[in-house]
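J.: predicted model, plus sequence, below.
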Amino acid sequence: MLVRKVPGFVPASPWGLRLPQKFLFLLFLSGLVTLCFGALFLLPHSSRLKRLFSASRTQQPGLEVMAEIAGHHSVSEQEPPPNPAPAAPAPGEDDPSRLVGVLRRKGWLRRTRPTGPREEGNRVAALRPQEESVRFTFDYNGFRSRLRHPVLGTRTDESKESQSLVRAQREKIKEMMRFSWQNYRRYAMGKNELRPLTKDGFEGSMFGGLSGATIIDSLDTLYLMELKEEFQEAKAWVQDSFHLNVSGEASLFEVNIRYIGGLLSAFYLTGEEVFRVKAIKLGEKLLPAFNTPTGIPKGVVNFKSGSWGWATAGSSSILAEFGSLHLEFLHLTELSGNPVFAEKVKHIRKVLREIDKPFGLYPNFLSPTSGNWVQHHVSVGGLGDSFYEYLIKSWLMSAKTDMEAKNMYYEALEAIETYLVNVSPGGLTYIAEWRGGILDHKMGHLACFSGGMIALGADDAKEDKRAYYRELAAQITRTCHESYARSDTKLGPEAFWFNSGREAVATQLSESYYILRPEVVESYMYLWRQTHDPIYREWGWEVVMALEKHCRTEAGFSGIQDVYSSNPNHDNRQQSFFLAETLKYLYLLFSEDNVLSLEDWVFNTEAHPLPVNRSDSFSIAGHPH
C-alpha cells in the first residue's frame, strides 16, 4: 500500500517509532511549517507581517516607535493610492493640460515616468526600496488647476524696445547662476558647498552628514531660470545619490529650510515623485527633536542610526529656529497625509500664544524644558528674524484663513514699531536690538529682510495702518541700501551701527564681512512688486555689478572679508543660499510679476517657493476656516 512506502506513516510498534523514522517525521513536519510560514510572505496583503519580521532591513529604525508616540501611523503604513498623481511638466511647460506623465503602479510599488526622454533614455527610474513605503495620493492636477498664474509667467512680447534692457539684465543674472552651478558641478558635485579658491568642496557638520546642500538649494532656481540641462543633472543626483542614512548631529532649522524646503518646492514645481518621497522621509527624521517636556524642539537632532533622540546642544532653543518650521511642516502633512507634522508646529504656536511676553515682544531664547524665556534679548535680525516672517507667510499660505498667525504677526509688529523702530539723526529708519529694555542701535544684515516682510503684510493690516507700513517698509529698505552704498565695494556689512555720528556702517572688522547674503535684494524684490518704483531695479543692478567685480573668482563666487576694502580678500565659500536666494531674488526683481506670482506662492526663509494652499485638506490639517 501507498502508506507503507512513506516511512513517516509506518504504524508504531508498542515501543514507539524507530530513530530513523522519528528523524524523517520531524523533517517532514519542519518542511510543512516552513512552507506555511513562507506562504505568509507571498500573500498579497502581508506587508504588516513582513514589516514585523524584517523592519530592520527595510526601513529606518524608530519610525514605528515615533508614530506610536505621536498617536498616528507612520507614513509607511498608509494604503497605496488608487489614482497616483501624474508627473509635472519640464521647465517651461506650465499648462496643466500638458501634464502627460503617467505614474505606474505594480503591486504597491510606485514609479515616476518623466514627462520626456531623459538623457539616459526612456528608462523609468524606480524609487529606492526604503522610499517605496511613502504611499499617499496627492492630487497634483488639482493643485496645478488652482494656480492663478502660469508658474513661469506669461511670455511678454520680446520685441518691445522698453523690455530689452530688463531682459539683458535678467540674462546676466541667469549667466551668473549657470557659472555658479557649473563650477560647483566641476569641483564639488555632491559636497555641500563649493570652495572656489581651492577648487574643492566643503562639507561641514551643520547638516548631520547629509550632502549636496547646494544641489537641493539650487533645484527651484535652475527650474525658474529654465536651465533645463542643469536641472536634470540636479534631479538625477537627488534620485541616485542623495542618501538619508546618515549618522551625525544636524541643525533642525537648516535641514528644514534648505533640504526639506528645497525638496518640497521642487516637487510642487515639477510633480516628480522622488522629491516628495525624500522630503517626507527627511521630515520623519526630524521628529525626535520635538521629544521635549514642552514640545518646543531642540535645535539639534541626532541622525545616528538606532539613536533617535535629540542632542543636548545647550539649554535654550532659538526663536528663529523653532519658529521657522510652520510652512514646511504643514506641507509635509499635506503631501504625506500624516497629521503629526502639522500637530507639532501647531503646538509650538500654542506655547508661544500662551506665554507671557515682555511688552508684547518675543525674546530670542526659550527653554524647551521649562517653557520659560531664558533671557530678554529681542532681535528682528539673527536669532529672531524668520519667526516673524513665518507668521505673516502662514497667513498668506493658508489663503488667508489662519487667523491665529495673522493676529500674532500684527501684535508682534506693533510691539516692534513701538519699542525697536528708530530714526537716526541723519534720517535713516532702522530696527534696533533690545536687551532687557536697553537698545543696541545696530541692525544686522539679516534684519534687512524686514523691509520686504512689512511690505508683504501691509495690505492686510488695519486700514489706518496700511500706508504707514508701506512707508516703513520703504524706509527700512532704503537704510539697508545705504549700508551698501557707504562701503567701498557697494556690498553691505554683516552688521551696521547708528552712533557717534556714524550711520549705517560697521564699526569693527568682525562685522565688516559679506558672505553673499540675500536679505537686501529680497526686500528690493518685494518693494518692486508692490510699487514698481524703478529705484529698486537700479539698486538691484548695483548689487549685480558689485558681485561681479568683487565676489566673482575664476571658479565661482566667494564672500569677502571686508566690504570697506577696495581690494578685499575672499573667504573661499560659495554659500548654497547664494544660488537658492540671492540669485533667485535678483532674477525675480527683473522678471514679470506673474513669474512665481505672490498670489500663488510664498517663499520660505531660504527662498524656496511653496504654494498658497486652497485645498480643503490643507485647511483641515493646518488651520480650520
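T.: On my side now, so go ahead.
J.: pLDDT below threshold where in the stretch 51-200 of the chain?
T.: When residues are selected by pLDDT under 70, those of the stretch 51-200 of the chain lie in 51-134, 155-162.
J.: how about 50 then?
T.: Regions of the stretch 51-200 of the chain meeting the criterion pLDDT under 50 cover residues 51-132, 161.
J.: so what pLDDT did the spatially most central residue of the chain get?
T.: Centroid-nearest residue in the chain: Gly261, 1.6 Å away (criterion: C-alpha atoms, centre = their mean). On pLDDT, Gly261 comes in at 98.
J.: grab the nearest non-local neighbour of it.
T.: His608 (3.8 Å; C-beta to C-beta, 6 or more residues apart in numbering). C-beta here means a position set from N, CA and C on the backbone, and glycine is covered the same way.
J.: follow-up on the earlier one: and the residue nearest to the centre of the chain, what does it touch?
T.: With contacts defined as C-beta atoms under 8 Å, 6 or more residues apart in numbering, the neighbours of Gly261 are 327-328, 604, 606, 608, 610.
J.: that one in helix, strand or coil?
T.: helix (DSSP: H, G, I helix; E, B strand; the rest coil).
J.: returning to that earlier point: got a pLDDT number for the residue nearest to Gly261?
T.: pLDDT, His608: 98.
J.: now the closest residue to Leu197 other than its chain neighbours: how far from Thr198?
T.: Distances taken as C-beta to C-beta, 6+ apart place Asn572 nearest to Leu197, at 4.3 Å, with adjacent residues excluded. Noted for Asn572: a distance of 6 Å to Thr198, by C-beta to C-beta, to the nearest Å.
J.: ok, those two, which is more surrounded?
T.: Taking neighbours as other C-beta atoms under 10 Å, Asn572 and Thr198 compare with Asn572 leading, 17 against 11.
J.: Ala506 touches Gln561, doesn't it?
T.: No: the pair Ala506 / Gln561 is not scored as a contact, 11.9 Å apart, by C-beta atoms under 8 Å.
J.: please say which of those two ends up with more neighbours.
T.: Between Ala506 and Gln561, Ala506 has the larger neighbour count (other C-beta under 10 Å), namely 24 against 15.
J.: mind listing the strands in the stretch 251-400 of the chain by residue range?
T.: With DSSP state E, counting those that start in this stretch as the criterion, the stretch 251-400 of the chain has strands at 300-302, 317-318, 365-366, 373-375, 377-378.
J.: just put those in a markdown table and tack on mean pLDDT.
T.: Formatted as a markdown table, those follow (pLDDT from 0 to 100):
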| stretch | mean pLDDT |
| --- | --- |
| strand 300-302 | 93 |
| strand 317-318 | 98 |
| strand 365-366 | 98 |
| strand 373-375 | 93 |
| strand 377-378 | 98 |
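J.: burial count for the closest residue to Met443 other than its chain neighbours?
T.: Spatial nearest neighbour of Met443, chain neighbours left out: Tyr430 (4.6 Å); criterion: C-beta to C-beta, 6+ apart. Here the count is done by other C-beta under 10 Å, and Tyr430 has 26 residues near it.
J.: same question for Glu193.
T.: 23.
J.: going forward can the numbers begin at 25, since that is how I track them
T.: All set: I'll call the first residue 25, so the last point we hit is now Glu217.
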